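>>> sequence-free structure coming up:
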């Protein structure tokens, strides 16, 4: 009798495992929602829609984008956290996803515990640009000008707590520039326009929104905050080349799923994204827009999330940035 019971138990376990494997192999069998926690048209939305289009082709099921802006991206991310971990809700995230827990006194998610990283899709290096009337030609000269007369200068940034904002604050901390005034905007185009009009003499933004103005000379590119030059602006030196290391920073866009999403589904998404980014046409498109294609593994993306969180938490606390 004991042997019969054991055989039945083994058979049931095998049936359950086979059923689970069958269910996962059938994934996806209906539409998939991709939450973008920002308004349409921004960098996260651009990358999210590109991924959604390509993964739809690979999976044979539509991946549709749902924009849920609000609270600096927190609204959409928290909605994603509460979704069932079944692979039918995916979230496109930016660096704010990592930084916001350091800034907001009340926040409803943990970027490490509440999500399963899928892949870092692309990064866009941050760039420092100035109005042509500013005589500085490189970052060292700009820092010297600010030190000499800080009341003359203010800088525009696209969103409080964004990496362009925090890169500027890090520069202020590194070079003792407390007098440099920060002017926040609701989006990079507004920040760029402010410097175009010389209302703020300096702008810190991600590269894509500033490319056009730098290329046509409306703004002078001072430094790319990166280890390597960008294909979109090959003549613009990096901060390292200009002798000011330590300010390298970028705005990242990645894809995550709610914690508990089966590994097989995470791996399937990762494989589709990596395949997409191997396409030379996609890479060329991203290069032209000022992005750098990445496509790393879930484990590598998890490590990047942890390292970014630790780095920017220090800057946030030193700058005393706090959001309600």
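Sure, I can see it. Just so it is clear, the structure is predicted and the values come from calculations on it, not from any experiment.
>>> Assumed residue 116 was part of a helix.
No - under DSSP: H, G, I helix; E, B strand; the rest coil, residue 116 falls outside any helix and is assigned strand.
>>> Contact partners for the residue lying closest to residue 316 once chain neighbours are set aside?
Of all residues not flanking residue 316 in the chain, residue 102 sits nearest, at 4.4 Å (C-beta to C-beta, 6 or more residues apart in numbering). The way it works is simple: take the backbone N, C-alpha and C, and place the C-beta from them, glycine included. By C-beta atoms under 8 Å, 6 or more residues apart in numbering, the contact set of residue 102 is 309, 312-313, 316-317.
>>> State the distance from residue 102 to residue 62.
For residue 102, the distance to residue 62 equals 36 Å [C-beta to C-beta, to the nearest Å].
>>> go on, residue 51?
13 Å.
>>> which of these two has more neighbours?
residue 51 (28 against 15; other C-beta atoms under 10 Å).
>>> my read is the more buried one is in a helix, agree?
Yes - the assignment for residue 51 is a helix, going by three-state DSSP.
>>> Wait, it touches residue 255, no?
Yes - Residue 51 is in contact with residue 255 according to C-beta atoms under 8 Å; the separation is 6.3 Å.
>>> So which residues of the stretch 51-200 of the chain form helices?
For the stretch 51-200 of the chain, the helices defined by DSSP state H, counting those that start in this stretch cover 74-82, 96-103, 139-148, 163-175, 188-196.
>>> Adding mean pLDDT and distance to residue 288, write those helices out as CSV.
Formatted as CSV, the helices of the stretch 51-200 of the chain follow (pLDDT from 0 to 100; distance: least, C-beta to C-beta, whole Å):
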stretch, mean pLDDT, distance to residue 288
helix 74-82, 97, 27
helix 96-103, 95, 24
helix 139-148, 97, 25
helix 163-175, 96, 20
helix 188-196, 94, 17
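>>> hang on, the earlier thing: any common contacting residues for residue 51 and residue 255?
34, 92, 121, 273.
>>> Now render the helices of the stretch 51-200 of the chain as TSV, adding distance to residue 283.
Converted to TSV, the helices of the stretch 51-200 of the chain look like this (distance: least, C-beta to C-beta, whole Å):
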stretch	distance to residue 283
helix 74-82	27
helix 96-103	24
helix 139-148	28
helix 163-175	22
helix 188-196	23
